[in-house]
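J.: Sequence and computational prediction follow.
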Amino acid sequence: MASTSPTRHAWRVLLGLLIVTAVLFGINSLGVYIFKTDNGKPASSWTPELALDLQGGTQIILQAATPDGSAPSADQLNQAVSIIRQRVDASGVSEADITTEGGRNIVVQIPGQASQADRDRITASAKLEFRAVLYTDAPGTSFVGEDGKQTPYPTPDPTLQATPTVKPSNASDPAWITPKLKAQFDAFDCTAKRPTNQPEDQPLIACEQENGQYVAKYILGPMELDGTVITDATAGREQQSGQWTVNLTMNAKGTKVFGEISQRLNANRLAGKAPLDRFAFVLDGEVISAPTMQAAILNGRPSISGNFTQETAKALADQLKYGALPLSFTVQSSDTVSATLGSQQLKYGLIAGLIGLGLVAIYSLLSYRALGWVIMASIGVMGVLTYIIIAILAWRMGFRLSLAGVAGLIVSIGFTADSFIVYFERIRDELRDGKSITGSIEYGWDRAKRTIYIAKAVNILAAVVLFILADATVKGFAFTLGLTTLIDVFIFVIFTHPVMQILARTEFFGGGHPLSGLNAESLGAMYSDRVQYRTAETGSTGRAARNKGASGEAARRQTIAERKRAEALAAQGSQDAGKDSSAS
C-alpha cells in the first residue's frame, strides 16, 4: 500500500489543478455571459484586451486654463498628468499614455473606445465639499397660482434682504436663509449653467440627480470640510441593501471635524428637526448624496450612498482618492488613433514566441528524450492558465496586453523551462548515485524545489522593482513577467511533480527505458550502491565497448572526492594484482 500512496496523492493534486482551471473559466464565463457594462456589452471576453500600441484607441487633447489666463507652470502640468494617469490607470496595467504637449496641453491616449465615464473621469476636477442641508424642495422653477395655472417664480428682487438678521450659530442654522436667498432658490433652474467657484463661507443652492434626472433642490450651509481631508476612497457594496457605495477614510483633522458635525446633525434628528439632520456631499457644485445622519460618526469613515452602479461608484472613488486637478481644462479635440505598432508587429512577436517554443521543445527532446514531453505539457498547461487569467484581469482590473507584455510572455518560456531542467537534473543526479527511479524523483524534488523557489523569488523581486520604478511603457513587461513566474511555480508544484510521480510507476519510465531519459546506465551511474563504485570496464571487450559512453559520462560527473576514491581503489586493485602475480 505504501508504494501506491504517492500515486494516489499525485492524482488528487492533478484533480485540484483541474478544479482550479474550471473555476477560472467559470469566473470568466460570468463576465462573458452574465455581467454587462453600462452600454450593454459583455463585461469580459475570451480574448485578451490589447493596448494602445496594438489596437489603437482614443486621443483626447486637454488645454489647461489658469484663473488669470497665464500659462500654467511645468509643476502644475506634471501634477495634472500624474493625477489623470492615476484616474485612468490606477492599477498601472491598462497601458494608457498621458503626456504634456506645447507647455499648455495634455494628450491622453486610451486603448479602445473611450466611454463618457472615461472622459468625465479625465476632465472632472472632483472638488468635494461637505455642507449641511438647510432646506430642500422639488427641482421645479414654477408653482400653481391661485388661478390653478402653473406660474414661474419671479426673478428675485434686488432689494430683498441678503444678510441674516441674526448671526447663525453654526452651519445648520436656518438663519442663513434670507428672503433673497429663498427667492433665488425658488427661481433656481437646475439645468442652467452656473458658476463653478462658489463662495465657501456662504450658503449654496445645488441640485441632485438620479438617472440623469434632477430629483431635488437644496439650500446648503457654508462649507465645513473639503476633499483634502480624504486619505482614501473605495467603492464597495453595502451588506444589507447590496447597493454600491463610496467609502471614505479621513485624516486626523477630517475625523475630528466630521465627528463634531455628525454629533450636531444626529442631535437634530433626535429632536425631529428635518431636514437639518441631513448632510450633503457636493461635487463640483452638484449634490451627489444628501443622507440623513443616523448616528455620530467618530472614526472618520463615512460613506456616500446614492444611485450608483459599480462603474460610477469606482469612477467617483478614483476622483476623490486622487484629488482635484490643479488646473481647469477644456477638451480641444477627441479623435480615434490607429495602432502605433499594429497587427504586423504583434504577428512578429507571436512568431518569435513560437520559434522560441520550438527551440525549447527540440532541446528538451534531445537532452531528456521522453521527459521532454513533460516539459512541453507543463508549458502547455501554463499557457492555458496564463491566457484565462489575463482575460479575467482585463475584466477586473483593466489589464491590456501591449507589445512589452508580449515580450514578457515570450521571455517566460525560457524561465519556465529552467525550472524543469533543474528538477530533471536533480533526478538524474540521484539516479547516478544509485537510487531507484521512484526514490530519485522524490529526492530530486526535495533538492530542486529549494533552488527553484530561490530563483523564482529573485525573478519576482526584479519584476516588482521594475514595475514600480519603470516607465509606463515597461510596466506591461514587468507585470507579465511577474505573473508568469508565479504561475510557473504553481505549475511546477501542482502539475510537473505529480506527473513525474505517476510516470515513475509506468513500465516505460519506471523500468528505465533508454528513450525515457531515466536510464541509469546511459546516464553514467558511477556506483550501484552507497559503498561500491560502478566500473565501466569489464572483462569482456564487447561489454567495455557498450559502456564506453557511460564511463565517460561517469568520469565527467565525478566530484574531487569521488575521483580520489576511484583512484585509490584502482591503485589498491593494481597492488593486489601485483601480489597475486608474485605469489604465482
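T.: Done, it's in.
J.: ok, which stretches of the stretch 351-500 of the chain are helices?
T.: Along the stretch 351-500 of the chain, counting by DSSP state H, counting those that start in this stretch, helices occupy 371-396, 403-432, 437-469, 472-491, 497-503.
J.: Let me fix that, I meant to ask about the stretch 1-150 of the chain.
T.: Along the stretch 1-150 of the chain, counting by DSSP H, counting those that start in this stretch, helices occupy 5-29, 52-55, 74-88, 116-123.
J.: Test my guess that Thr496 contacts Ala417.
T.: No. In this structure Thr496 lies outside contact range of Ala417 using Cβ atoms under 8 Å: 11.3 Å. Where you see a C-beta, it was placed from the backbone N, CA and C, and this is true even at glycine.
J.: buried ones in the longest strand seen in the chain?
T.: For the chain, the strand with the greatest residue count under DSSP state E is strand 213-226. For strand 213-226, a neighbour-count test (16 or more other Cβ atoms under 10 Å) marks 214, 216-225 as buried.
J.: Make JSON lines from the residues you listed and add distance to Leu518 and pLDDT to it.
T.: Shown next, in JSON lines, are those (distance: Cβ to Cβ, whole Å; pLDDT from 0 to 100):
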{"residue": "Tyr214", "distance to Leu518": "76", "pLDDT": "88"}
{"residue": "Ala216", "distance to Leu518": "77", "pLDDT": "92"}
{"residue": "Lys217", "distance to Leu518": "81", "pLDDT": "94"}
{"residue": "Tyr218", "distance to Leu518": "79", "pLDDT": "95"}
{"residue": "Ile219", "distance to Leu518": "84", "pLDDT": "95"}
{"residue": "Leu220", "distance to Leu518": "79", "pLDDT": "95"}
{"residue": "Gly221", "distance to Leu518": "81", "pLDDT": "94"}
{"residue": "Pro222", "distance to Leu518": "81", "pLDDT": "94"}
{"residue": "Met223", "distance to Leu518": "76", "pLDDT": "92"}
{"residue": "Glu224", "distance to Leu518": "76", "pLDDT": "93"}
{"residue": "Leu225", "distance to Leu518": "71", "pLDDT": "90"}
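J.: Tell me the one among those residues nearest to Val88.
T.: Of all these, Val88 sits closest to Leu225, with 27.1 Å by Cβ to Cβ.
J.: Distance check, the closest one against Thr136.
T.: Per Cβ to Cβ, to the nearest Å, Leu225 is found 20 Å from Thr136.
J.: where along the stretch 201-350 of the chain do the strands fall?
T.: Assigned by DSSP state E, counting those that start in this stretch, the strands in the stretch 201-350 of the chain fall at 204-210, 213-226, 230-237, 244-250, 279-283, 286-289, 303-305, 328-337.
J.: what's the angle from the first one to strand 279-283?
T.: Going back to what we said before, that points to strand 204-210. On the basis of axes from the mean of the first three to the mean of the last three Cα atoms, to 10 degrees, strand 204-210 is oriented at 80 degrees to strand 279-283.
J.: Give me the helices and strands touching strand 204-210, please.
T.: When contacts are defined as 3 or more Cβ pairs under 8 Å, 6 or more residues apart in numbering; DSSP states H and E, strand 204-210 sits against helix 179-187, strand 213-226, strand 279-283, strand 286-289.
J.: Could you export that strand as CSV, CA atoms only?
T.: Extracted C-alpha coordinates of strand 204-210, given in CSV (Å, rounded to 0.1, in the frame of the first residue of the first chain):
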residue,chain,number,x,y,z
LEU,A,204,-25.1,77.3,-1.7
ILE,A,205,-28.0,76.4,-3.9
ALA,A,206,-27.5,73.0,-5.5
CYS,A,207,-29.4,70.1,-7.1
GLU,A,208,-29.2,66.3,-7.0
GLN,A,209,-29.6,63.9,-10.0
GLU,A,210,-30.7,60.3,-10.3
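J.: what comes up buried for it?
T.: Neighbour-count burial for strand 204-210, counted by 16+ other Cβ under 10 Å, picks out 204-209.
J.: And what about Lys167, helix, strand or coil?
T.: Reducing the assignment at Lys167 to three states with DSSP: H, G, I helix; E, B strand; the rest coil gives coil.
J.: Sorry, wrong one. I was asking about Pro514.
T.: Of the three states, Pro514 takes coil according to three-state DSSP.
J.: Pull the contacting residues for it.
T.: Ser522 (Cβ atoms under 8 Å, 6 or more residues apart in numbering).
J.: quick one, phi/psi of it?
T.: According to degrees, to the nearest 10, the main-chain angles of Pro514 amount to phi -60, psi -30.
J.: how far away is it from Ala520?
T.: Distance of Pro514 to Ala520, given as Cβ to Cβ: 11 Å.
J.: what's the answer for Val215, then?
T.: Counting by Cβ to Cβ, the gap from Val215 to Ala520 is 81 Å.
J.: if we take the buried residues of strand 204-210, which one ends up nearest to Val257?
T.: Leu204 (18.2 Å).
J.: Look at that closest one and report its pLDDT.
T.: We have a pLDDT of 92 for Leu204.
J.: what does Ser581 give?
T.: Ser581 is assigned 54 on the pLDDT scale.
J.: Asp201 - how many residues pack around it?
T.: If you count neighbours by other Cβ atoms under 10 Å, Asp201 ends up with 7.
J.: Can you give me the distance of the residue nearest to it when sequence neighbours are not counted to Leu134?
T.: Excluding its sequence neighbours, the residue lying closest to Asp201 (Cβ to Cβ, 6 or more residues apart in numbering) is Pro222, at 5.1 Å. In this view, Pro222 and Leu134 are 10 Å apart by Cβ to Cβ.
J.: okay, and the common contacts of those two?
T.: Listed as contacting both Pro222 and Leu134 by Cβ under 8 Å, 6+ apart are 176, 203.
J.: one step back: distance to Ala570 added to the buried residues of strand 204-210, as CSV?
T.: Below are the buried residues of strand 204-210 laid out as CSV (distance: Cβ to Cβ, whole Å):
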residue, distance to Ala570
Leu204, 100
Ile205, 104
Ala206, 98
Cys207, 99
Glu208, 96
Gln209, 94
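J.: Quickly name whichever of the residues you listed is closest to Ile297.
T.: The shortest approach to Ile297 among these belongs to Glu208, at 21.0 Å (Cβ to Cβ).
J.: Tell me the buried residues in stretch 151-160?
T.: Neighbour-count burial for stretch 151-160 flags 153, 156 (criterion: 16+ other Cβ under 10 Å).
J.: what mean pLDDT would you report for that stretch?
T.: Averaging pLDDT along stretch 151-160 gives 86.
J.: what sits up against that stretch?
T.: Under the criterion Cβ under 8 Å, 6+ apart, residues 141-145, 178-180, 183-184, 186-187 lie in contact with stretch 151-160.
J.: end-to-end on it?
T.: End-to-end distance for stretch 151-160, by Cα to Cα, to the nearest Å: 21 Å.
J.: Mind picking the two most distant members of the buried residues of strand 204-210?
T.: So, the buried residues of strand 204-210 by Cβ to Cβ: farthest apart are Leu204 and Gln209, at 16.1 Å.
J.: quick one: low-confidence parts of the stretch 51-200 of the chain?
T.: The stretch 51-200 of the chain contains residues with pLDDT under 70 at 67, 90-94, 124-127, 193-197.
J.: Show me where it has its strands.
T.: Under DSSP E, counting those that start in this stretch, the stretch 51-200 of the chain gives strands at 57-65, 97-101, 105-111, 128-137, 142-144, 150-152.
J.: Give me the sheet partners of the fifth one and which way each runs.
T.: The pairing partners recorded for strand 142-144 under DSSP bridges are strand 150-152 (antiparallel).
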